[in-house]
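> dropping the sequence and predicted coords here.
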Amino acid sequence: MKAKRDGRSHESIWCRGRMRTICGLMILILILAAAGCSLTKEKTNAGASGNIEAQDKEPEMEQNEGCMEMETNPLILGEPPEIADAVCDYYTGLKDKTDFVEGYHNIQVYTKNGKYKDSYIAFVRYDMKIRDIYTEVPGLGTLYVAKGEDGVFRVESKTDDAEIQDYVKTIAAHDDVQALMEQIRTDYANAVASDAILQEALEDLKNAYEDSSAGQRQVEKAE
């Protein structure tokens, strides 16, 4: 039996042929949205939703005292406001890079001090609207935001900086971050359970991603 919403058939809302053409990045983001923040799987079993955003650091940069401990570096909502502005700009740009995501809504920016002065780790709670899907997908992103030489905070470009990634793993193990992740996992599960069309779409995405990963492994073995 065909599921319907607003008079549209399931097939017209979400055809499998279209699903198979979605880029790998968006597949990965959707499959792992329930897991919470990126780069926390090793210490928190929360899974990874993408690469951390970070900047190159100079060795002489001043470190934030007490940044490793939750008591001296608690999770704060919406502060400083410049960070929230930079994050919202980032997600606007992210949405514009694909026709798969219609928008990111209800963005809430939680921050902890970064390891270095004028840097922050932002844990970003959002609802992602997929085109042609009614129910929005709750997710949690992780971004590294730092002040530039012009005094403006920006989400920095991708890097494989091991020091920053290790730092994120450390603070992501804090109880306050873990509580936020658990809430997102619950919100995600509730959203999926409430919408059969969304559930099937995510399952198709998961299968497509697994097929793609298996194919890539075969190529690597052949090489």
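Everything's here; your move.
> the protein: helices as residue ranges?
Secondary structure of the chain (DSSP state H): helices located at 10-13, 16-19, 24-31, 41-44, 81-96, 162-172, 175-194, 196-222.
> how deep is residue 118 tucked in, by neighbour count?
For residue 118, the neighbour count with other CB atoms under 10 Å is 15. In this view, the C-beta of every residue, glycine as well, is placed from N, C-alpha and C.
> same question, residue 85
Residue 85 has 13 neighbouring residues, counting by other CB under 10 Å.
> which ones are touching it?
Residues in contact with residue 85 (CB atoms under 8 Å, 6 or more residues apart in numbering) are residue 153.
> run the last query once more with 6 Å
Residue 85 makes no contacts at all, as judged by CB atoms under 6 Å, 6 or more residues apart in numbering.
> now residue 108
Per CB under 6 Å, 6+ apart, neighbours of residue 108: residue 125.
> if we go to 8 Å?
Counted by CB under 8 Å, 6+ apart, residue 108 has contacts 77, 78, 124, 125, 126.
> the fourth one: how many residues sit nearby?
Using other CB under 10 Å as the criterion, residue 125 is surrounded by 21 other residues.
> again with the last one
For residue 126, the neighbour count with other CB under 10 Å is 23.
> pretty sure it is touching residue 139, no?
Yes: taking contacts as CB atoms under 8 Å, residue 126 lies within contact range of residue 139: 5.6 Å.
> okay, now the unreliable bits of the chain?
Along the chain, the model assigns pLDDT under 70 to residues 1-60, 157-160, 209, 211-223.
> go with 50
Screening the chain residue by residue with the criterion pLDDT under 50, one finds the ranges 1-55, 57-59.
> returning to what we had before: return the member of the contacts of residue 108 nearest to residue 165.
residue 124 (17.2 Å; CB to CB).
> in the sheet, who's paired with the closest one?
residue 109, residue 141 (DSSP bridges).
> identify the residues contacting it.
Residue 124 neighbours (CB under 8 Å, 6+ apart): 87, 91, 107, 108, 109, 110, 140, 141, 142, 143.
> and residue 114, by the same measure?
Contact analysis of residue 114 by CB under 8 Å, 6+ apart lists 64, 67, 120, 121, 144, 145, 146, 167.
> and it, what are its phi and psi?
phi -70, psi 180 (degrees, to the nearest 10).
> if I look at it, how far off is residue 154?
13 Å (CB to CB, to the nearest Å).
> what do those two both touch?
What both residue 114 and residue 154 touch, as defined by CB under 8 Å, 6+ apart, is the set 145, 146.
> which parts of stretch 70-81 are buried?
Buried residues in stretch 70-81, defined by neighbour count with 16 or more other CB atoms under 10 Å: 70, 73, 75.
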